[in-house]
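[1] Here's a sequence, model it:
(chains A and B)
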Amino acid sequence: MTGQIIFAILSIITFGYAAFQFNKIRQNILLGQEEKIEGDRGQRFKNMFLVAFGQQKMFKRFVPAIFHLFIYVAFLMTQIELIEILIDGFTGSHRFFANALGGFYNFIINFIEILSALAFVATFVFLARRNLLKLPRFHKSEMNGWPTLDGNLILYGEFLLLVGIFSMNGADMALQAKGETSYNLNLIISSNLGPALFGGLEVHTLHMIERFGWWLHILVVFGFINYLPKSKHLHIFFAFPNTYFSRLDSRGKMENMDAIMNEVKSMMDPEAAFDDSGEMEELPVFGSNDVTTLSWRNIMEAYTCTECGRCTSVCPANMTGKKLSPRKVMMDIRDRAEEVGDKIRSGNPEYISAEAKTEDAILSAANFDDGKSLFDYITKEEIHACTTCNACVEACPVLISPMESILKLRRYELLTESAGPSEWLPMFNSIENNGAVWAMSDARDQWVNDLNKEND
Amino acid sequence: MAENIKVKTMAEYAAEGTKPEILFWVGCAGSFDARAQKVTKAFTKILNQVGMEFAILGQEESCTGDPARRAGNEFVFQMTALQNIEVMNMYGVEKIVTTCPHCFNTLKNEYPDLGGNYEVIHHTTLLQELIDAGRIKMTEGGTFKGKKITYHDSCYLGRVNGVYEAPRKVLEELDSDLVELKRCRTNGLCCGAGGAQMFKEDEPGTKSINIERVEEALDTGSEIIAVNCPFCLTMMTDGVKAKEKQDMVMVYDLAELIINNQG
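    Numbers count the residues shown, from 1 in each chain, chains lettered A, B, ... in the order given. Model (predicted):
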């Protein structure tokens, strides 16, 4: 009974605090601009099914994909066992499904055991890859400190979870061998491992080991649920909405800026020039300089990023020593979203922008100004280095486009700040005045004359 | 080859009250860059040889706006794009072919939002179609028979628009020995010119992107690097020069290879 009460209290704390944390993430994502999500829902579900559920893009790199698959499928299947643990925890029963499901239960637990063993191997492989193999993408400067610890912590947690599962199953199988259980299971690993390890122990000790394994498992799970919102591991949840909401139109298409198009159209149309109904009252902000001017989808992408660095490892700018790292851009957007969200929730009137500051003004996303922006995280040098080659977009296993956010920052710099690399000015001027990227004295079709001269 | 090559403009066709089969979008590089002009001329010769009715816009063509848009300057993009669309819609343009994958991408994927809806193909696709239809006669045992050629996928034709096979089929027709780069197709490495990088110095780094790519191409031991983009053409040629291999390794567009193959 005491166990049940402790379990119930821990569950309530766990789920309550998790709800609180996830709600903050929801608020942070909604700091972004609204974006119309259009297009074929069938295609969206298909993307989610293939890319998130089916891990399709992970398999662009086969070896890590296989080990990742072990952990992923083990994680999915363990949810069944977790349901049982929750039921057992609340009701005080033991292996609630064992007798109800019979042979099928035996099958499921065996399946989980095999996957857990594979996940066990994968955990060690991943720890070795991160810490011994020194894969360059895990050791870029943006990975210093917390991101590296985060990547390891989750693997240690995974290891503890597996220790929990196998000590629980192993002890139960040793008990079964002594005729101490109401069920009769035949587990591929624990039926051998359990009696071998624990066979010589007293029944009382075996019960203690079983309880230890059971509590270790559920406590790691409870910890995990509340660790997720702070971790790169959030991808296990956000991969699904992110692949669903990812853009369906061509990668080659940058979002059209209708306000500018209409302005230019009215400049070109002599009749519309006198019609000021469409004129912009005050110049809006073009492009993005902060999470509030990105789209909510871009912020969700940042929360989806698991910092695997595949984008950065294929970025031509990064591999030739430039500062740009697409992964860092996504990490910065998430960090900034956390900062802005926390500051707004603090209600501190210090963060109300100068122009909105009145006696009774209340801090909100609309009047927020902490004197900082995304450009305090991401330098101009970084965004200037992008060749828009789409390699990062192609590489991302969960359909994030770092390039989209990079180009929104460029738009802000060019259009709102009227800044940007000065070397681009001749190109812009030339397009405007000569209709070509270079200022040339020759006619555009001079080559036709040359061609016929060459042929004479 | 002293046949007169006709290159008519859309305006000339319109004056005759007719329309050509296809508009050849030449682009800024194809019009002005000395090296890229050779590609324009080679492609024009091919169109003439097969007797395809085509026209250029001539002086009525402007930059598609791709580098301005990717630099972030939407105003300049909209100005030049809307002007182009006005001209093309006036002539009732339906189908466009272009030798530049950046023009190709912008015309195909970005102009529809601005009111410009055309069927757009890249010249490598058209070349493949013409070969398949037997309209381009490939010389048996031509210049490139058995020669090692490597092919560099441009970002905007390959990864962005998914055109991987057409250029490779053209290379096969040359009877050459196609050696793939280590990073090819979806994993192709950029030449370093895109996103308006062509028009500015590199950001501080340890290496130029074109050098990284050329080194990879040289590793294949090929005599020829085939490209499909005027900017890749410049970057790869510069890279080969920087590695002092310009006497051994040539960089060509696919249209040039077809013309050169005829001897």
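
[2] tell me which residues of the helix or strand hosting A:Arg26 are tucked away?
    Taking DSSP states H and E as the definition, A:Arg26 sits inside helix A:2-29. Within helix A:2-29, the residues that qualify as buried are A:7, A:14, A:18, A:21-22, A:25, A:28-29, counting by 16 or more other CB atoms under 10 Å in any protein chain shown. In short, each C-beta sits where N, CA and C put it, glycine included.

[3] I'd like to know which of the residues you listed is nearest to chain B.
    Minimum distance to chain B across those is 24.7 Å, recorded for A:Ile29 (CB to the nearest CB).

[4] doesn't A:Asn298 make contact with that closest one?
    No. In terms of CB atoms under 8 Å, A:Ile29 does not count as a neighbour of A:Asn298; the distance is 9.4 Å.

[5] contacting residues around B:Asp219?
    Going by CB atoms under 8 Å, 6 or more residues apart in numbering or on different chains, B:Asp219 touches B:Lys182.

[6] And it, how far from chain A?
    16 Å (CB to the nearest CB, to the nearest Å).

[7] now B:Lys147
    25 Å.

[8] Surely that residue is in contact with B:Glu223?
    Yes. Judged on CB under 8 Å, B:Lys147 makes contact with B:Glu223 at a distance of 5.5 Å.

[9] What values do phi and psi take at A:Gly287?
    With angles defined as degrees, to the nearest 10, A:Gly287 sits at phi 80, psi -170.

[10] cool, B:Glu61 as well?
    Per-residue torsions, B:Glu61: phi -90, psi 140 (degrees, to the nearest 10).

[11] what do you get for B:Ala55?
    Torsion angles at B:Ala55 (phi, psi; degrees, to the nearest 10) stand at phi -140, psi 160.

[12] any idea which element the spatially closest residue to it that is not a sequence neighbour lies in?
    Once flanking residues are discounted, B:Ala55 sits nearest to B:Pro20: 4.3 Å by CB to CB, 6 or more residues apart in numbering or on different chains. Per DSSP H and E, B:Pro20 falls between elements, in no helix or strand.

[13] What of A:Ile218?
    helix A:203-227.

[14] what's the answer for B:Ile131, then?
    Using DSSP H and E, B:Ile131 falls in helix B:123-132.

[15] most centrally placed residue in the chain?
    Unless you meant another one, I'm taking chain A. A:Thr304 (1.3 Å; CA atoms, centre = their mean).

[16] try again with chain B
    B:Thr99 (3.0 Å).

[17] near chain A, which residues of the stretch 101-250 of chain B show up?
    Selection of the stretch 101-250 of chain B residues close to chain A by CB under 8 Å from any CB of the partner chain yields B:105-106, B:108-110, B:113-114, B:155-156, B:159-161, B:186-187, B:189-190, B:192-209, B:211-212.

[18] does A:Ile188 sit in a helix, a strand or a coil?
    Following DSSP: H, G, I helix; E, B strand; the rest coil, the label given to A:Ile188 is coil.

[19] Repeat that for A:Asn433.
    With three-state DSSP as the criterion, A:Asn433 reads helix.

[20] Could you check what's spatially nearest to it, not counting adjacent residues?
    Setting aside the residues directly before and after it, A:Asn433 is nearest to A:Ala439 in space (CB to CB, 6+ apart), at 7.5 Å.

[21] Which residues are in contact with the one you found?
    Contacts of A:Ala439 by CB under 8 Å, 6+ apart are A:426, A:429-430, A:433.

[22] cool, and B:Thr9?
    B:Thr9 neighbours (CB under 8 Å, 6+ apart): A:445, B:55-58, B:60.

[23] Can you verify my assumption that the residue nearest to the centre of chain A contacts A:Phe240?
    No. Using CB under 8 Å, A:Thr304 makes no contact with A:Phe240, being 9.2 Å away.

[24] related to what we said a few turns ago, and whatever helix or strand comes next after the helix holding B:Ile131, which strands flank it?
    Where DSSP H and E defines the elements, the next helix or strand beyond helix B:123-132 is strand B:148-151. With DSSP bridges as the test, strand B:148-151 is paired with strand B:177-180 (parallel), strand B:224-227 (parallel).

[25] Could you list the buried residues of the last one?
    Residues of strand B:224-227 classed as buried by neighbour count (16+ other CB under 10 Å): B:224-227.

[26] if we can go back for a sec, need the buried ones from the residues of the stretch 101-250 of chain B next to chain A selected in PyMOL.
    The PyMOL selection below is limited to those of these classed as buried (16+ other CB under 10 Å):
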select buried, chain B and resi 105+106+108+109+110+113+114+155+156+159+160+161+187+189+190+192+193+194+195+196+197+198+199+200+202+203+205+208+209+211+212
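
[27] from the residues of the stretch 101-250 of chain B next to chain A, which ones fall inside helices?
    When helices are assigned by DSSP state H, the members of those inside them are B:105, B:209, B:211-212.

[28] hang on, the earlier thing: return the set of buried residues in the helix holding B:Ile131.
    B:123-128, B:130-131.

[29] Tell me where the stretch 51-200 of chain B has strands.
    In the stretch 51-200 of chain B, the strands defined using DSSP state E, counting those that start in this stretch lie at B:54-56, B:95-98, B:119-122, B:148-151, B:177-180.

[30] which helices and strands does the third one pack with?
    If I follow you right, that is strand B:119-122. Helices and strands touching strand B:119-122, by 3 or more CB pairs under 8 Å, 6 or more residues apart in numbering or on different chains; DSSP states H and E, are strand B:95-98, helix B:101-105.

[31] In the sheet, which strands lie alongside that strand, parallel or antiparallel?
    According to DSSP bridges, strand B:119-122 has these partners: strand B:95-98 (parallel).

[32] now the strand it pairs with, how far from the centre of its chain.
    Mean-position distance between strand B:95-98 and its chain equals 11 Å (CA atoms, centre = their mean, to the nearest Å).

[33] likewise stretch A:158-167?
    Taking CA atoms, centre = their mean, the mean C-alpha location of stretch A:158-167 is offset from the chain mean by 26 Å.

[34] Same question for stretch A:334-348.
    Computed by CA atoms, centre = their mean, the chain-centroid distance of stretch A:334-348 equals 19 Å.

[35] list the buried ones in that stretch?
    So stretch A:334-348, judged by 16+ other CB under 10 Å, has buried residues A:334, A:336-341, A:343-344.

[36] what do you get for stretch A:107-123?
    A:108-110, A:112-120, A:122-123.

[37] from these, which two are the most distant?
    A:Ile108 and A:Thr123 (21.7 Å; CB to CB).

[38] Can you pull the domain assignment for chain B?
    B:8-127, B:138-261 (automatic domain parsing).

[39] quick one: which of those is nearest A:Ala65?
    Going by CB to CB, the one of the domains of chain B nearest A:Ala65 is domain B:138-261, 15.2 Å.

[40] Could you tell me the end-to-end distance of the closest one?
    Terminal residues of domain B:138-261 lie 8 Å apart, using CA to CA, to the nearest Å.

[41] Quick one: distance of it to the chain centre.
    12 Å.

[42] What's the mean pLDDT across that domain?
    For domain B:138-261, the mean per-residue pLDDT is 96.

[43] Which pLDDT value goes with A:Glu279?
    For A:Glu279, pLDDT reads 54.

[44] And for B:Thr125?
    pLDDT at B:Thr125 comes out at 98.

[45] Touching, A:Val285 and A:Thr416? I think so.
    Yes. Under the criterion of CB under 8 Å, A:Val285 makes contact with A:Thr416 at 5.5 Å.

[46] Tell me which of these two has more neighbours.
    A:Thr416 (17 against 14; other CB atoms under 10 Å in any protein chain shown).

[47] From chain B, how far off is that one?
    10 Å.
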